[in-house]
Every structure is written in C-alpha cells, then in structure tokens.
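> Requesting a structural model of the entry that follows:
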Amino acid sequence: MFTNFIYFIIALLIYITYQPSSEKQLDSLETAFFFAATVLFFTGFTWVRFSRLKRRLPVYGITGIEHPFNSAVTGHSILAIAFYAFDIYILNLPSFFYNLPLFIKTPTLLGFGFLLLFIGYLSVVWGFSHPLHTRIYSLTLGKGAYIFSNISFSIPVVLPWLLLSGISDLIFALPFETPRKLLSTKEGEIAYFLIFLIAVSVFGPFIIQKFWRCRPLEPGYFRSRIESMCEKTRLKYADILHWPLFGGRMITAGVMGLVRRFRYILVTDALLTSLDPQELDAVISHEIGHIKKRHLPFYLFFFLGYLLVSYATYDLILYAVIHAEPLYRLLERIGLGASSAHSIIFSLIIIAVFLIYFRYGFGYFMRNFERQADGYVFMVLDTGRPLISTLEKIAYSGGQPMDKPNWHHFSIRERIDFLNRCEADRNSIFLQDRKIRRSMGGYLLFILLVAALGYQINFGQTGKRLNERLIEKILSAEIERNPGNANLYGILGDISFNSRRYQDAARAYETAIALKPENPRVLNNLAWLYAVCEDKSIKNPERAVRLAQAALSYESSPHIWDTLAQSLFEAGRHSEAIDAASRALAMAKGDRSYYEEQLQKFRASIPE
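Now for the predicted structure:
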C-alpha cells in the first residue's frame, strides 16, 4: 500500500519539474493521435499480462502465482509512470493548456488534471489485477470499490501540494495587493510554507480521516477495550474510528495525529472480528507505541530533512544537469529539443534523490520504528505472544508467505523472530531502542552536514564559485549555438576575470571586441585587466591605454576615466595619469572617496 505513496509523489515531481517547451515536435492533431495510441497500448498490454496470469492460476496455484502477480503489479505501475512521463515530456501535453484563461489563473487546477491522468493509468492496472488480487488475498471486494480504495488511500499524500498551491492561486486571484506582495518575496514564501506546514501537521489527520470516510467506532465491547488500553498507557486522543480500507476487510490498524485534539486511532472491521481480546490489546499497544516513542514527530522532521536536502543540493543538481552532455546528445538524437532534454534530465535526478532518501533512508527508519513499536507491547502486556499470533493470522488470511520482504516493515517472519527474542530476553528491546537512538544521532549529524553544505553553496565562497562555473557552462553552451553574440563573450570574460583566470578572460574580451568594437563596457574591462593583471605575461599597459581611450570615445564616465588613469600610471605616464584621475574625480557623484584616493596615489608617485 505504501508503495503507492511513492508512485504518486513521483508523478507529482514529474509534473512540477516539467518546463514548458516551445519546441513542439507535433501539432495538436498528431499529439492527440499519439496520446490515444499510448493509452490504448498501455490498456491492451496490461489486459494481456493479467489475463495470462489468470489462466496460469490452476497450474501454479495461489502460492505459486503470488510472486509473478506482485511483479506484474509493480512492473505495470512503473510502466504507468513511464507512459505518464511520455505524455508530459515527449508529447508536451501541458503546453497545450498553459495559455487557456482558466489555467493561467489557476495553474493548480491543471496540475490536478494531470494527476487524474496518472490515476487513470494506475486504475487500469488495479482494474485488470482485481480478479487475481481477490483470489490470492481472499478479499471479497468489488472492482469499483477496490479501485476507489486504492485511490482514496493514496491521494492524501498529494493533498498538501494541492492545498498549498491552490491557496496560493487564490491569493493571487483575489483583488488584495498586500498578500500578493508578501507571497512574491522570498521571505513571504518561506513564512507561508512554514505556516502551511504547521497547519497541515496539526489539522491534516482531521482532513484525512474525513477523506477516507472514517466513522466513530460505536460504543460497546470493542470501543471499551481500546479505551481501557489508552487509559492504561495514559494516551490522549480525539476519537477511535472505523477504517474502511479495502472495505474494512484487511486486518490492520493505525494511528495518526501529532496533537491530542486531532489524534485518531484507526481500526478495520476485519481486525475487530478476527482477533481475540488479547490480540486486539497487542495491536493497540503496538499503535500506542508509535506515539509513546515519538515516531510521528520524527516523520515530520524527516520530511523537513528532505526539503533541506533538496534545497542544499539544488545547485549541485543544476550543475550535474548542465554537465550531462552525453545524455543531452542521446536525447537530441531521438528528436528532443534542448529544453525538453533539460527537463527530463533534471526530473530524473530529482526523482533519484527522492527515491534514495525515502525508499532507503525513510524505509530504514520505518522498519525499525515498527520493530520498536513491537517491543513496546512488552511494556504494556508483559508478553508478545498475542502479537505473534496476530501476525500469523495476518499472514494466513492474506495468503502471503511469512518471509515476504517489505521495504517499510520487516517481513512477518523477521518480526516474529524479534518478538521471540524479546520473549526470551528483554534486553533485545533495549538493544533496539539503542540502535534507533544511534541511528537518529547519525541522521541528525547528516542533516547538520547537509545544512552546512547548503549554507556554503547558497551563501559561501563555494557556492559563489559553483554558480560562476554553472553560469560559465550555460554561457559556453549558448555561445556554441550563437557564436556571433558579442555580449555572451563579454559576460564570459567577466566571470573568468572574477575567477582570476586571466588568460581565459582576455581571450573572451578580445573575441567580444572583435565582434563588436563599439562596446565601451568590454573595452573598459579589458583595459583594466591589461593594466593591473598580476600575470606579467598578460599585463600590457600600453594596450590598456589605447583600449581605455577607445572606450571613452563611446562613453565618457568617471569609471572609464579612472581606468585610463590607472593604465597611464602603469605605463609610466604619471602626469597624464594625474590629469585623467582629476577628470574622473570631477565627474564623480555620490561617494567620491575612491577617486580621491586614486588621485592622491598618482600625485604621490611624482617627487616634489
């Protein structure tokens, strides 16, 4: 189930990182044709795959067909992402809608529309896999209800983006100037995001339980039993709810909510009817363990850590994108333009960072938090045997092997083995707690290092140099496409000069002047380089004088007169340098201290 969260977030990242391209390879009619063809191909291929598996069921049996079935579901879900990305990046579908008045004012609505397209692809997979799924896992759930359960369980993961972006659209659409101005600043954006994050963290569970159509567990034996467990552990909560996940036919429970006012305990009907009282106590103790061990605040902190990682590595990702020349050539060879290739490479890297962080980093903590919650059962019941029997029932009712791996839980066999170790030696609980403390300490150290990296990249010299190299790489690529643009060479010269690569700077400036001799800015900058350069092989004061004089013929300004004065001084023509410096000082406005110091320096060079 939780894997669907990753699929939805990847789909959202694909859409968010897409950059509209003016390089449309196909017109509207051709795009519609290819889009219809891809949808039909995906639908037909999915139907064929699951139909073949269904025909093989009598041969392989329930146990033998489960692995190829799960592989097919995973494979076709990934294929749905690939077809969705094809629609976005290759067919450029969003570019046909961006300029419509409705979507200009509410771009979030267009994003939601494309999320519905992705849901449509996944619904094809869920629809054709439904018959086998009900046979393998003994779920008597109609196809429509099965698809709706998958959607309703997964869609809350993108609700924060829909709300965040939708409220932003509303602010810009309303005729109030102050909120728009605040939201247009970097500080305003950060404040808005933090306020929204706090609001979602607090009120989100209330919205989600309504979205899932949960209802309060009616008074009676089961509610009283769960309430007594909460009283025993002094857990405060808002309500105990029926969780209609897959029609309530899955044996599972959950807990959500950072604050007591909006904290909910969720139980399915199958959990209540399938477990004996001690087993129900064990499951509720496990869920309470998540609260007592403060797992939910850490999940929020882990999400904030991802935002920090994304912010800190954003420039590095851009740098990697710019340097991915072999991949650019490959994509251009198959007919993609530069902007489309850039979007694809950027999205691939962003998705890779997301997958590594959540699939492996977050998955590690989720598995170990589940194990820690299993250990908490011993704090409440003094034994883990009811939880062991519950896990065995879950495996039996679901028809899944005990050793089946799980990225966000340990396998049922591994969980039972841990509970048996705790039953024999309570020190195993302490060792698990210590493992998590050390892991969290390591994660905190990682976040501090990422924060330091982010500071260096965004505010330190490292970031300045990286940005210069990034801009230089972009300029070089642009110059390759437009070699006659003198302004590009001038900017490239400035960057090289600031980086103290004087040979490259001189070469770029000289090319700019050859292309456009009447550019006073480039003439002045090159004159200053030749006048003051530390590299004796480049320094050329006489040429600097001529360049500064040429610059003055196009623009008479104090900074160019100062360049001429410095060039004359370096050439040994001190009296002329004093005259030029005097002209610069006379023309200067505002703070004249620099020009006064220059004139004083030149005068001091001549004996009394």
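> Please, where are all the strands along the chain?
Using DSSP state E, the strands of the chain run over residues 215-216, 239-242, 253-256, 264-267.
> Tell me which of those strands sits most buried.
strand 264-267 (a mean of 24; mean count of other CB atoms under 10 Å). All C-beta spots, glycine's among them, are computed from the backbone N, C-alpha and C.
> From the rest of the structure, what touches that one?
205, 209, 214, 217, 222, 226, 230, 237-243, 253-257, 284, 287 (CB atoms under 8 Å, 6 or more residues apart in numbering).
> sorry, back to before: between the strands of the chain, which one is nearest to Leu182?
strand 253-256 (31.6 Å; CB to CB).
> mind saving the C-alpha coords of that closest one as CSV?
Output of strand 253-256 as CSV, limited to C-alpha atoms (Å, rounded to 0.1, in the frame of the first residue of the first chain):
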residue,chain,number,x,y,z
ALA,A,253,-4.8,-0.7,12.5
GLY,A,254,-3.2,2.7,12.5
VAL,A,255,-2.7,5.9,14.4
MET,A,256,-2.2,9.5,13.2
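> For stretch 405-424, list every residue counted as buried.
Going by neighbour count (16 or more other CB atoms under 10 Å), the buried part of stretch 405-424 is 406-412, 414-416, 418-419, 421-422.
> between these, which is nearest Leu348?
When these are compared against Leu348 (criterion: CB to CB), the nearest one is Trp407, at 21.1 Å.
> Can you give me the distance of the closest one to Gly363?
Using CB to CB, to the nearest Å, one gets 5 Å for the distance from Trp407 to Gly363.
> Equivalent analysis for Arg507, please.
51 Å.
> next one: stretch 31-44 to chain centre, how far?
Computed by CA atoms, centre = their mean, to the nearest Å, the chain-centroid distance of stretch 31-44 equals 29 Å.
> Mind listing what's buried along it?
Buried residues in stretch 31-44 (16+ other CB under 10 Å): Thr31, Phe35, Thr38, Val39, Phe42, Thr43.
> Can you list which of those are found in helices?
Thr31, Phe35, Thr38, Val39, Phe42, Thr43 (DSSP state H).
> Confidence-wise, which of the residues you listed comes last?
Lowest in pLDDT among those is Thr31, which has 89.
> tell me the contacts of it?
Applying CB under 8 Å, 6+ apart, the residues near Thr31 are Lys24, Leu91, Asn92, Leu93, Phe96.
> Of these - the most surrounded one?
The most neighbours of any of the contacts of Thr31, using other CB atoms under 10 Å, belong to Asn92, which has 22 neighbours.
> roughly how far apart are it and Thr38?
Distance from Asn92 to Thr38, by CB to CB: 13 Å.
> Thr74: which of the strands of the chain is closest?
Across those (criterion: CB to CB), the nearest stretch is strand 253-256, sitting at 23.2 Å.
> elements contacting that closest one?
Applying 3 or more CB pairs under 8 Å, 6 or more residues apart in numbering; DSSP states H and E, one finds that strand 253-256 contacts helix 186-211, strand 264-267, helix 277-292.
> Point out the most buried one among those.
Note that of these, strand 264-267 is the most buried (mean count of other CB under 10 Å), with a mean of 24.
> partners of that one, with directions?
Sheet pairing for strand 264-267, assigned by DSSP bridges, gives strand 239-242 (parallel), strand 253-256 (antiparallel).
> quick one, what contacts Pro68?
Pro68 neighbours (CB under 8 Å, 6+ apart): Leu53, Arg56, Tyr60.
> want to throw those into CSV with distance to Ile317, neighbour count and pLDDT?
Compiled in CSV, the contacts of Pro68 are given as follows (distance: CB to CB, whole Å; neighbours: other CB atoms under 10 Å; pLDDT from 0 to 100):
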residue, distance to Ile317, neighbour count, pLDDT
Leu53, 39, 20, 92
Arg56, 44, 15, 88
Tyr60, 44, 14, 79
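> quick one: which of those is nearest Val124?
Among these, Leu53 lies closest to Val124 (CB to CB), at 15.2 Å.
> who are the neighbours in contact with Gly248?
Taking CB under 8 Å, 6+ apart as the test, what Gly248 contacts is His242, Thr268, Asp269, Ala270.
> what are the ranges of the helices in the stretch 401-550 of the chain?
Under the criterion DSSP state H, counting those that start in this stretch, helices of the stretch 401-550 of the chain are mapped to 412-424, 427-459, 461-481, 486-498, 502-515, 520-532, 541-554.
> quick one: low-confidence ranges for the stretch 401-550 of the chain?
The model of the stretch 401-550 of the chain has pLDDT under 70 over residues 457-475, 477-478, 481.
> before we move on, back to that, any chance of JSON lines for the ones in helices among the buried residues of stretch 31-44, columns distance to Ile356?
Below are these laid out as JSON lines (distance: CB to CB, whole Å):
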{"residue": "Thr31", "distance to Ile356": "34"}
{"residue": "Phe35", "distance to Ile356": "32"}
{"residue": "Thr38", "distance to Ile356": "29"}
{"residue": "Val39", "distance to Ile356": "31"}
{"residue": "Phe42", "distance to Ile356": "27"}
{"residue": "Thr43", "distance to Ile356": "32"}
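> Grab the two from those residues that are most spread out in space.
So, these by CB to CB: farthest apart are Thr31 and Thr43, at 18.6 Å.
> what about the closest residue to Ile171 other than its chain neighbours, neighbour count?
The shortest distance from Ile171 to any non-neighbouring residue, by CB to CB, 6 or more residues apart in numbering, is to Pro179 (4.9 Å). With neighbours defined by other CB under 10 Å, the count for Pro179 comes to 15.
> cool, and the one 3 residues further on?
As a burial measure, the neighbour count of Leu182 was computed by other CB under 10 Å and equals 14.
> Now it: closest residue in space that isn't a chain neighbour?
For Leu182, ignoring the flanking residues on the chain, the nearest one in space by CB to CB, 6+ apart is Gly188 at 3.8 Å.
> I'd like to know how far the one you found sits from Leu163.
18 Å.
> Over to Glu414?
Taking CB to CB, one finds Glu414 at 38 Å from Leu163.
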